[in-house]
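Participant: the following comprises the amino acid sequence and a computationally predicted model.
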Amino acid sequence: MDINKNKIYASDMPMGLDQALSKNEAARNYFYSLTEAKQKQIIDRTHTISCKEEMQSFADSLVGGES
């Protein structure tokens, strides 16, 4: 799948979310298929996540835990 990363620029992406999405191709593809507004909603939800494991769980939950 060709991912359009023009919606959310790398500088706008929290490092932890970017790393978690890189470990789950389905979640990454889903995230980048969303509108910019939906992507920002997801990013906003990550601001309360405090550890790598929790961030990975959150990213996995975007697509029902698929890895």
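Facilitator: Noted; the coordinates are in hand.

Participant: walking through this structure, point out its helices one by one.
Facilitator: For the chain, applying DSSP state H gives helices covering 15-22, 25-33, 36-45, 52-61.

Participant: can you list the ones you listed in CSV and add mean neighbour count and mean pLDDT?
Facilitator: Every C-beta, even on glycine, is put in place using the N, C-alpha and C of the backbone. Rendered in CSV, the data for the helices of the chain read as follows (neighbours: other CB atoms under 10 Å; pLDDT from 0 to 100):
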stretch, mean neighbour count, mean pLDDT
helix 15-22, 17, 95
helix 25-33, 18, 95
helix 36-45, 13, 94
helix 52-61, 16, 97
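
Participant: show me the contacts for the spatially closest residue to I49 that is not a sequence neighbour.
Facilitator: In space, and not counting its chain neighbours, I49 is closest to M55: 5.0 Å by CB to CB, 6 or more residues apart in numbering. With contact set as CB atoms under 8 Å, 6 or more residues apart in numbering, M55 has these partners: G16, L17, Q19, A20, T46, I49.

Participant: repeat that with 10 Å
Facilitator: When contacts are counted by CB atoms under 10 Å, 6 or more residues apart in numbering, M55 is found next to P14, M15, G16, L17, D18, Q19, A20, L21, T46, I49.

Participant: mind listing what the second one touches?
Facilitator: If a contact means CB under 10 Å, 6+ apart, then M15 has M55 as its contacts.

Participant: let's number from 49 now, not from 1
Facilitator: Okay, residue one is now 49; in that scheme the one you just asked about reads as M63.

Participant: how near is it to T96?
Facilitator: Plainly put, M63 is 16 Å away from T96 if you go by CB to CB, to the nearest Å.

Participant: again with the third one
Facilitator: Distance check for G64 against T96: by CB to CB, it reads 12 Å.

Participant: go on, the first one?
Facilitator: In this view, P62 and T96 are 11 Å apart by CB to CB.

Participant: distance of the closest residue to A68 other than its chain neighbours from I90?
Facilitator: Leaving aside its chain neighbours, A68 sits nearest to A107 (3.6 Å; criterion: CB to CB, 6+ apart). Using CB to CB, A107 is found at 9 Å from I90.
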